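*Asks:* can you look at this prediction? I've put the sequence above it.
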Amino acid sequence: EIWFHNLDGRLYITGTPGRPRDWLANLLAHPEFTFHLKASTQADLPARAIPITDETERRAVLTAILQKLGRDEADVDEWVAASPLVAVVLGE
């Protein structure tokens, strides 16, 4: 699965821990992409993906995401170790 999250005005894309993801490989190879909104707001926005690799930053972001999702914080270590995580910068 793939989700995007808005945390304090910053956008992130992540997924559950596990196997390598094609979408992540694609963003790493080609960080410029179109962020397609299709729910209550519809738009195609130019964006750039920035991989989050620093463990401290990953832990902070993923802890906030898990709290937002109502997930057990005991899962944080697994998510930090094995979840894809990129920041999304719009307009680039």
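*Replies:* Nice, I can see it. Numbers count the residues shown, from 1 in each chain.

*Asks:* now the residue sitting nearest the centre point of the chain: phi and psi?
*Replies:* The centroid of the chain falls nearest to residue 13 when counting by Cα atoms, centre = their mean (2.0 Å). Backbone torsions of residue 13, given as degrees, to the nearest 10, read phi -120, psi 130.

*Asks:* touching, it and residue 83? I think so.
*Replies:* No: using Cβ atoms under 8 Å, residue 13 is not in contact with residue 83; the gap is 10.6 Å. Quick note: C-beta positions are derived from backbone N, CA and C, even for glycine.

*Asks:* tell me the span between the first and last residue of stretch 20-34.
*Replies:* Using Cα to Cα, to the nearest Å, the end-to-end distance of stretch 20-34 comes out at 22 Å.

*Asks:* got the contact list for it?
*Replies:* 2, 13, 15, 44-51, 84, 86, 92 (Cβ atoms under 8 Å, 6 or more residues apart in numbering).

*Asks:* which of those count as buried?
*Replies:* 13, 15, 47-49, 84, 86 (16 or more other Cβ atoms under 10 Å).

*Asks:* now for those: which two are most distant?
*Replies:* With distances taken as Cβ to Cβ, the most widely separated pair in the buried ones among the contacts of stretch 20-34 is 15 and 48, at 18.8 Å.

*Asks:* and residue 74, that one's in a helix?
*Replies:* Yes: applying DSSP: H, G, I helix; E, B strand; the rest coil, one finds residue 74 inside a helix.

*Asks:* that one: how many residues sit nearby?
*Replies:* Using other Cβ atoms under 10 Å, residue 74 has 8 other residues around it.

*Asks:* please consider this matter closed, and thank you.
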